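Student: no sequence on this one, just coordinates:
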């Protein structure tokens, strides 16, 4: 079993319903969810929007390969109504990012793990530190708590609820 860390994000539609469905599908198709962060409301990163995001970190125990995880998460995004646009940063109903896959460093055309911008984003580090503050980043050799302390991001990250979606 591999310990997988995923971030859910979205700023369109019924976020409560979408996150709940995403969690159910991840639990069914990817692996057993073993930890949930609270849900956080966050300012858009990299673009302007009046619609704030919800973000939530999940720890999942999986037997799937990284490529299988990517395929499953993309299928879940499509099932929930995600449409990919030309712009990298845009409003979306759901985004499921693979943050860590065990302690592996993966560099493929369609998948880079650890996620390449974790250290720049409070909306990732705050929920992730809630469930895995001592997790070591295999490239930077710092734990999540240290990366959060050093993060230059000043955008709003505010707890919405303690209850998993």
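Tutor: Looks like it came in fine. What you see is a predicted model; the values in this text were computed from it and never measured.
Student: Can you name the element that comes right after the helix or strand residue 18 falls within?
Tutor: Secondary-structure element containing residue 18, defined by DSSP states H and E: helix 15-29. Sequence order places strand 32-36 as the next helix or strand after helix 15-29, per DSSP H and E.
Student: Mind listing the strands the helix or strand that comes right after that next one pairs with, and their directions?
Tutor: Sequence order places strand 39-42 as the next helix or strand after strand 32-36, per DSSP H and E. Strands that pair with strand 39-42, judged by DSSP bridges, come out as strand 53-62 (antiparallel), strand 157-161 (antiparallel).
Student: just to revisit the earlier point, counting contacts, what elements does the helix holding residue 18 pack onto?
Tutor: Contact analysis of helix 15-29 by 3 or more C-beta pairs under 8 Å, 6 or more residues apart in numbering; DSSP states H and E lists strand 2-10, strand 32-36, strand 53-62, helix 66-79 as its packing neighbours. Yep, even glycine has a C-beta here, placed from its N, CA and C like the rest.
Student: Would you tell me which of those gets closest to residue 143?
Tutor: Of all the helices and strands packed on helix 15-29, strand 2-10 sits nearest to residue 143, with 12.8 Å by C-beta to C-beta.
Student: Mind giving me the packing neighbours of that closest one?
Tutor: Using 3+ C-beta pairs under 8 Å, 6+ apart: strand 2-10 touches helix 15-29, strand 53-62, strand 95-101, helix 122-132.
Student: Just the angle for the shortest one relative to helix 122-132, thanks.
Tutor: Here strand 95-101 runs at 50 degrees with respect to helix 122-132, directions being taken by axes from the mean of the first three to the mean of the last three C-alpha atoms, to 10 degrees.
Student: Touching strand 95-101 from outside, list them.
Tutor: 2-10, 22, 26, 57, 66, 69-70, 73-74, 76-77, 82, 111, 113-115, 118, 124, 128, 135 (C-beta atoms under 8 Å, 6 or more residues apart in numbering).
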